[in-house]
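In: I need the structure of the sequence given here:
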Amino acid sequence: MISRFLNNSQFVLVRRTTKYCLWLLVLLGSVGSMARADEDFSREAAQPGPAWLRDGVIYEIFPRDFSPAGNLSGVTAKLDQLHQLGVTILWIMPIQPIGEKFRKGEYGSPYSIKDYYAVNPDYGTLEDFKQLVVQAHQRGMKVIMDWVADHTAWDSVMMEHPEFYKQDATGKILPPIPDWTDVAGLNYGNPQLRDYMITMMTYWVRECDIDGCRCDVASMVPTDFWLKARAAIAKIKPDFMWLAEASEPGLLVKAFDVDYDWPLMATLNKVLMAGAPASDLEATWETSRREFPKGALHMRVSDDHDESRAVARFGVNGALAASALMFTLNGVPLLYNGMEVGDATESGDPALFDKLTIFWHPKGRPPLREIYRSLIRLRKQYAGCFCNDQVVWLRNSDAADVVAFMREDESDQFVVVINFSDRPVSGQLKMKSSDGFQPVRILGMPDGDVSNLPGFHLNGFEWRIYHRAVPK
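Out: The predicted model follows:
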């Protein structure tokens, strides 16, 4: 949703460089939100989240575009493919009816919701959604809904209660941000509005047995509301998962279990699109480690509905290098709507407002599904290494192009080396010991010229993963 005003890279840049300007106060929703941005949360402990989250793999689904049918049954029909890929968490973008008044595009944004309690008739029925959840659970997958708590459509059923909405001095209802002309902002100063929203949220948990939520523009809704909603839902489902569309340290202390790693995504864009040094990725990771509460969990994103597709931004091989980073760093990796086949169909604004079905068989792609399946399988097999929050960054002789780091537990060590340039590179890693490291076979990836660590030779956008048992 943020991309309707700024793209993610611009959002992070504005957040960092205009921290005290009045305009950003409007974006964040209140002076209180700005105060939280200045607090030091690094000594706090983050929410641990449910046990199934930390080693999960999230797959974001836009039902309108996911299948030719463009409905919930079309999602259910592909659950076996997603399960075989290794996906464990399905994030379903909003399924409610879309407003028509001031609609953008032919179909409108799914984040312009007309009735929180209904299902978009284009998508099917409530029973179709329940069946999707049941079938996902039978395959061991969790399902999270997209909750849009900040605003509604202009023709929402809630317009019967104008006091639920933000208004100017004349009583005119306002959008949350001027550019978001297709939605009306909700007024969380109204206790009845808060009660309505929490009752609605608990309805979906009770009725459909969903496992979590992704909360749209979470920092634009007061944190104390999220705390109350979390407490209410915990009484129904204690291991419910909360994902914030935000990058605010304070939100992970009590309200949310995981957020977006927008800073790393912004840096990835700069490295792959603007020639920034690859070492900036480590610097961004270290900054987040210092600013966020201990044990903070981030969703690692290189492709989602707010951006043009990664293969369009980075090229196929660049996008794969970005994924190699996101799937081997700490955090929870995200796949988006056909990413596993390299779909390049337009995404983000304005494509969010129309229908552009995934092209499941694009030409000229490496076997991406097989590669992603191998990365997910490796992550699951060695969860002790890849799902802890420790990353040991390794110095190398070509920091402008290459990043390298180690993931380890008491039994195993992995070294990941990624070339973020389009040209061949050769160099050396600085390691205490490289004895015993062997390259990991990633199905679908060519063997290439495999160097013996600490040396490396990588073609453009090539990457390698090495493994050894911990020396006794």
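
In: So, low pLDDT: which residues of the stretch 51-200 of the chain?
Out: For the stretch 51-200 of the chain, no stretch has pLDDT under 70.

In: quick one: the helices in it?
Out: For the stretch 51-200 of the chain, helices defined by DSSP state H, counting those that start in this stretch occupy the ranges 51-54, 63-66, 72-76, 79-85, 126-138, 191-208.

In: Check the stretch 251-400 of the chain too.
Out: Under DSSP H, counting those that start in this stretch, the stretch 251-400 of the chain gives helices at 262-274, 279-291, 310-328, 368-381, 383-386.

In: Y117 contacts Y203, correct?
Out: Yes: using C-beta atoms under 8 Å, Y117 makes contact with Y203 at a distance of 6.7 Å. Every residue, glycine included, has its C-beta placed from N, CA and C.

In: what's the nearest residue to P121 if we skip its chain neighbours?
Out: P97 (7.0 Å; C-beta to C-beta, 6 or more residues apart in numbering).

In: typo on my end, it should be V134
Out: Residue nearest to V134 in three dimensions, not counting chain neighbours: D209, with 7.9 Å by C-beta to C-beta, 6+ apart.

In: same question, A136
Out: Computed as C-beta to C-beta, 6+ apart, the closest residue to A136 that is not its neighbour in sequence is V143, at 5.0 Å.

In: got any ranges where the stretch 301-450 of the chain has weak pLDDT?
Out: For the stretch 301-450 of the chain (pLDDT under 70), the answer is 448.

In: Next one: L443 from N388, what distance?
Out: 25 Å (C-beta to C-beta, to the nearest Å).

In: now M201
Out: Distance of M201 to N388, computed by C-beta to C-beta: 32 Å.

In: Tell me which of those two has more neighbours.
Out: More neighbours surround M201 than the other of M201 and N388, with 23 against 15 (other C-beta atoms under 10 Å).

In: Is that one in contact with A229, as I believe?
Out: Yes: using C-beta under 8 Å, M201 and A229 qualify as a contacting pair, with a distance of 5.7 Å.

In: count of neighbours near D211?
Out: The burial count for D211: 23, using other C-beta under 10 Å.

In: Report pLDDT for it.
Out: Listed pLDDT for D211 reads 98.

In: In contact with it: list those residues for me.
Out: 89, 142-144, 237, 239-241 (C-beta atoms under 8 Å, 6 or more residues apart in numbering).

In: measure it to T88 for me?
Out: 10 Å.

In: And for I371?
Out: I371 sits 18 Å away from T88, going by C-beta to C-beta.

In: again with F62
Out: 19 Å.

In: Show me which of those two is the more surrounded one.
Out: Taking other C-beta under 10 Å, F62 and T88 do not tie; F62 has more neighbours (26 against 21).

In: Show the contacting residues for that one.
Out: F62 sits in contact with 93, 110, 305, 337, where contact means C-beta under 8 Å, 6+ apart.

In: same question, L227
Out: By C-beta under 8 Å, 6+ apart, the residues touching L227 are 254-255.

In: Give me the mean pLDDT for the helix or strand encompassing it.
Out: Assigned by DSSP states H and E, L227 belongs to helix 223-234. Here helix 223-234 scores 98 as its mean pLDDT.

In: other SSEs contacting whichever helix or strand comes after it?
Out: Per DSSP H and E, the first helix or strand lying C-terminal to helix 223-234 is strand 241-244. Contacts defined by 3 or more C-beta pairs under 8 Å, 6 or more residues apart in numbering; DSSP states H and E place strand 241-244 against strand 142-147, strand 212-215, strand 258-260.

In: Those strands into a markdown table, with extra columns for mean neighbour count and distance to T345?
Out: A markdown table is the format used below for the helices and strands packed on strand 241-244 (neighbours: other C-beta atoms under 10 Å; distance: least, C-beta to C-beta, whole Å):
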| stretch | mean neighbour count | distance to T345 |
| --- | --- | --- |
| strand 142-147 | 23 | 20 |
| strand 212-215 | 26 | 22 |
| strand 258-260 | 26 | 22 |
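
In: who's in contact with the residue of the chain most remote from its centre?
Out: The centre of the chain is farthest from one residue, T170, which by C-alpha atoms, centre = their mean lies 39.0 Å away. By C-beta under 8 Å, 6+ apart, the contact set of T170 is empty.

In: try the one 5 residues further on
Out: Residues in contact with P175, defined by C-beta under 8 Å, 6+ apart, are 151, 181, 183-185.

In: Look up how far K472 lies from it.
Out: From P175 across to K472, the span is 63 Å (C-beta to C-beta).

In: again, but for G348
Out: Computed as C-beta to C-beta, the G348 to K472 distance reads 50 Å.

In: Just want to know which of these two has more residues nearby.
Out: Legend: neighbour count by other C-beta under 10 Å for G348 and K472, higher for G348 (17 against 3).

In: you'd agree that one is up against A312?
Out: No: counting by C-beta under 8 Å, G348 sits too far from A312 to count as a contact (9.9 Å).

In: No more questions from me, cheers.
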